[in-house]
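Peer 1: Quick one, structure for this:
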Amino acid sequence: MSKLKECGRCKASFKCDAKNISNCGCHTIELEPAIDTFLKKTDYDCLCNNCLTELNKYVEMEKSYPFPSSPTEYIPNIHYYIENGFWVFTEYFHYLKGRCCQNGCRHCAYGFKG
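Peer 2: Numbering: from 1, shown residues only. All right, here's what the predicted structure looks like:
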């Protein structure tokens, strides 16, 4: 039986049938193996199909924009943006790090609430 849930990432409402996963909407999304591994490191419960699709895109992005080995390789609007003179790292940058630092980052990819 489906129940209404809130996506842990975007807060959208969606129907979830985790008890009968073959009937759940998320079952229609084929996750990249890297995203399946990533999700196991997060604090998320269920995510909506839009968020799962967006996360899958990170695997493709990583081919063109891998994790920078030094700050000189940071790309504006890919890895960070500037707000009021401060660097703000994107969700994609945090995803690339491969772990949550638990510092309450604005765009935490891991669902940590500081």
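Peer 1: name the helices or strands packed onto the helix or strand harbouring residue 50?
Peer 2: When elements are defined using DSSP states H and E, residue 50 is found to belong to helix 49-64. Secondary-structure packing of helix 49-64 (3 or more C-beta pairs under 8 Å, 6 or more residues apart in numbering; DSSP states H and E): helix 33-39, helix 91-97. Where C-beta positions appear, they are placed from N, C-alpha and C, glycine not excepted.
Peer 1: List the buried residues of it.
Peer 2: Neighbour counts over helix 49-64 (16 or more other C-beta atoms under 10 Å) mark 49, 51-52, 54-55, 58 as buried.
Peer 1: Would you map out the domains in the chain?
Peer 2: Structurally, the chain divides into domains by automatic domain parsing as follows: 1-64, 66-114.
Peer 1: Now do residue 76 against residue 112, distance only.
Peer 2: Taking C-beta to C-beta, to the nearest Å as the measure, residue 76 falls 25 Å from residue 112.
Peer 1: Settle it for me: which of these two has more neighbours?
Peer 2: Using other C-beta atoms under 10 Å as the criterion, residue 76 and residue 112 rank with residue 112 on top: 15 against 10.
Peer 1: residues contacting that one?
Peer 2: When contacts are counted by C-beta atoms under 8 Å, 6 or more residues apart in numbering, residue 112 touches 43, 100, 102, 104-105.
Peer 1: tell me which of the residues you listed is nearest to residue 34?
Peer 2: Lowest distance from residue 34 to the contacts of residue 112 (C-beta to C-beta) belongs to residue 100, with 16.3 Å.
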